[in-house]
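*Asks:* Build me a structure from this.
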Amino acid sequence: EASKCAEKFSTENVCATLTVTPCWCYGSETMDLDPLTIKAVWGFNGTERPGAVYLAAVMAAYAQKGLPAFSIYGKDVQDLDDTKIPEDVKEKILRFGKCAIAVGVMKNKSYVNLGSVAMGIMGSFCDPEFFQKYLGIRAEWVDMTEILRRINNEIYDNEEYEVAIKWVQENCKEGYELNTEDKRHSTEKKKEEWEFVVKMTLVCKDIMIGNPRLKELGFFEEAMGRNAILGGFQGQRMWTDWLPNGDFTEAILNSSFDWNGKKEPTTLATENDTLNAVSMLFGKLLTGTASVFADVRTYWSPEAVLRVTGKKLEGRAENGFIHLINSGAAALDAVGLSKDKYGKNCIKPWWDMESDDINACLKATDWCPANLGYFRGGGFSSHFRTQSEMPVTLIRLNLVYGIGPVLQIAEGHTIILEDDIHKILDERTDKTWPTTWFVPRLGVKGFEDVYSVMKNWGANHGAFSYGHIGKELITLASMLRIPVSLHN
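*Replies:* You can find the predicted model right below:
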């Protein structure tokens, strides 16, 4: 029976197995020995049959054979005729299944580097060994000139472009311009930039995941795509010094909707931060929601806020907070105005997005002409403010010399500041970029106060996902053999 299962599973792309037994079943003779599958065993907690004894025996066998496996054992004894799955067991099985599927989905996919290293950011140095060894992902490189080639030679679906540019004109309103009048781009120039960034969005998506429409247009190779599950765009500065930046492309691809309606977010990291892209992907695979890229920019202490604004912080913000902000490449879902089934604001799984959710995200976002001090080539930055207090988890994967990858996890909440406090603090950075104020949950090592979290964060970037998903992230990390260096 065990060998027949193994034979069937090998033909069906099974990535994980859950062995369920109420009784003894000859552990070392029947256990899953495939080194490529993720394994769990649920041993029935009942005295009439030795399911728990089998569980302990087979876990010892897995340990002796060097095959990692998850042990699932219910807290309470069940009667022999009880066919219910206890709540604690159910929670563990679902967490195992969700994380195992995430591992399986990543395998044999690609990371596409659009460009190379941005501005000396170490996360932009793509480590192909890490991607292959830990995630089963192939690293690929595509020069940014490929984007120009496809735009200039019209290697994209022009019919979709017409739909997209019309949608942009109707839904993407321009916002505040901070460039002085003598340096601003003309109305005609901005029109050309809008057309360019929409085409760029189509092209980047086609490069990553392919597009069968291109085959119909005669572009057979380009139609294939790169089998990507994630990627990053370098942009700065070899591109952005003379061409429109990637903010619109990154924001729309990472969002759970576009001109075609709801869609699965396509993970594309700003500044080609490969490690933040992985952090975003982990969050997306575990929640089904859009992940949000940001600088972990500033810790604001209560004392500093009082000095600058004259206001004392209260509520969740009373111990200070962290400013999450970057040039306008953040997923629009982060405005936090989608509604769950109870009418509460949230970030929804992409498959649950409705037209009201999409419209709320669009109306809360404007698109500011790029700060030409940063982006000489122009472009448009998504600009919004997270408008709801929501549970979120801030995530960062780092590579450490001599250790390898380590994961940092901070569960917490987005917060809403009074308008006058928000305005003063937000405009100290850049009033054309999207802002989220974040408060981590305190009380454990590394989370003694908000300052400690900022101090201990391992890189300049982080990604946040909706909900408190620390348990899922730790489970996923264990499946991938990635240690967790900070969590609450």
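*Asks:* Report all helices and strands that the strand ranked longest in the chain contacts.
*Replies:* Identified as the longest strand of the chain according to DSSP state E is strand 404-415. Under the contact definition 3 or more CB pairs under 8 Å, 6 or more residues apart in numbering; DSSP states H and E, strand 404-415 sits against strand 391-400, strand 435-440, helix 470-479, strand 484-486. Where you see a C-beta, it was placed from the backbone N, CA and C, and this is true even at glycine.
*Asks:* Counting neighbours, which bits of stretch 116-127 end up buried?
*Replies:* 117, 118, 121, 123, 124, 126, 127 (16 or more other CB atoms under 10 Å).
*Asks:* can you pull the buried residues of stretch 233-243?
*Replies:* 233, 234, 235, 236, 239, 240, 243.
*Asks:* sorry, back to before: farthest-separated two in the buried residues of stretch 116-127?
*Replies:* Farthest pair in the buried residues of stretch 116-127 (CB to CB) is 118 and 127. Separation: 15.5 Å.
*Asks:* can you count the residues close to residue 363?
*Replies:* 13 (other CB atoms under 10 Å).
*Asks:* Tell me the one among the buried residues of stretch 116-127 nearest to residue 73.
*Replies:* Once CB to CB is applied, the member of the buried residues of stretch 116-127 that ends up nearest residue 73 is residue 127, at 37.7 Å.
*Asks:* Which residues are in contact with that closest one?
*Replies:* Going by CB atoms under 8 Å, 6 or more residues apart in numbering, residue 127 touches 139, 274, 399.
*Asks:* which one among the buried residues of stretch 116-127 gets closest to residue 173?
*Replies:* residue 118 (28.5 Å).
*Asks:* Give me the distance between the closest residue to that closest one other than its chain neighbours and residue 447.
*Replies:* What sits nearest to residue 118 in space, not counting adjacent residues and going by CB to CB, 6 or more residues apart in numbering, is residue 271, at 3.7 Å. Distance, residue 271 to residue 447, by CB to CB, to the nearest Å: 28 Å.
*Asks:* Please name the residues that touch the closest residue to residue 400 other than its chain neighbours.
*Replies:* Leaving aside its chain neighbours, residue 400 sits nearest to residue 406 (5.6 Å; criterion: CB to CB, 6+ apart). Residues near residue 406 by CB under 8 Å, 6+ apart: 397, 398, 399, 400, 458, 482, 483, 484, 485.
*Asks:* What residues sit buried inside stretch 166-181?
*Replies:* Applying 16+ other CB under 10 Å to stretch 166-181 flags 168, 172, 175, 177, 178, 179 as buried.
*Asks:* And for stretch 354-362?
*Replies:* 357, 358, 360, 361, 362.
*Asks:* any chance of the buried residues of stretch 166-181 in TSV, with secondary structure too?
*Replies:* Below are the buried residues of stretch 166-181 laid out as TSV (DSSP: H, G, I helix; E, B strand; the rest coil):
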residue	secondary structure
168	helix
172	coil
175	coil
177	coil
178	coil
179	coil
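*Asks:* for those residues, which one is nearest residue 93?
*Replies:* Of these, the one sitting nearest to residue 93 (CB to CB) turns out to be residue 172, at 43.2 Å.
*Asks:* What residues are bridge-paired with the nearest residue to the closest one once chain neighbours are set aside?
*Replies:* Closest residue in space to residue 172, ignoring its immediate chain neighbours: residue 367 at 5.1 Å, by CB to CB, 6+ apart. Per DSSP bridges, the residues bridged to residue 367 are residue 174, residue 382.
*Asks:* Does residue 367 touch residue 173 like I think?
*Replies:* Yes. If you go by CB atoms under 8 Å, residue 367 and residue 173 touch, sitting 6.9 Å apart.
*Asks:* Nearest residue to the most centrally placed residue in the chain in space, ignoring adjacent ones along the chain?
*Replies:* Nearest to the mean C-alpha position of the chain, counting by CA atoms, centre = their mean, stands residue 280 at 2.0 Å. Counting by CB to CB, 6+ apart, residue 291 is the residue found nearest to residue 280 once chain neighbours are left out, at 3.7 Å.
*Asks:* give me every residue that touches that neighbour.
*Replies:* Contacts of residue 291 (CB under 8 Å, 6+ apart): 254, 265, 267, 279, 280, 281, 283, 284, 331, 463, 464, 465.
*Asks:* I'd like those residues as TSV, with secondary structure appended.
*Replies:* Formatted as TSV, the contacts of residue 291 follow (three-state DSSP):
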residue	secondary structure
254	helix
265	coil
267	strand
279	helix
280	helix
281	helix
283	helix
284	helix
331	coil
463	strand
464	strand
465	strand
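*Asks:* where exactly do the helices run in the stretch 201-350 of the chain?
*Replies:* For the stretch 201-350 of the chain, the helices defined by DSSP state H, counting those that start in this stretch occupy 212-216, 220-224, 247-254, 274-287, 302-309.
*Asks:* could you say what helices and strands the first one packs with?
*Replies:* Pointing back at helix 212-216 there. Packed next to helix 212-216, using 3+ CB pairs under 8 Å, 6+ apart, are helix 220-224.
*Asks:* elements contacting the helix it packs on?
*Replies:* helix 187-209, helix 212-216.
*Asks:* Give me the distance between the spatially closest residue to residue 261 that is not a sequence neighbour and residue 262.
*Replies:* For residue 261, ignoring the flanking residues on the chain, the nearest one in space by CB to CB, 6+ apart is residue 358 at 7.3 Å. Applying CB to CB, the value for residue 358 to residue 262 is 7 Å.
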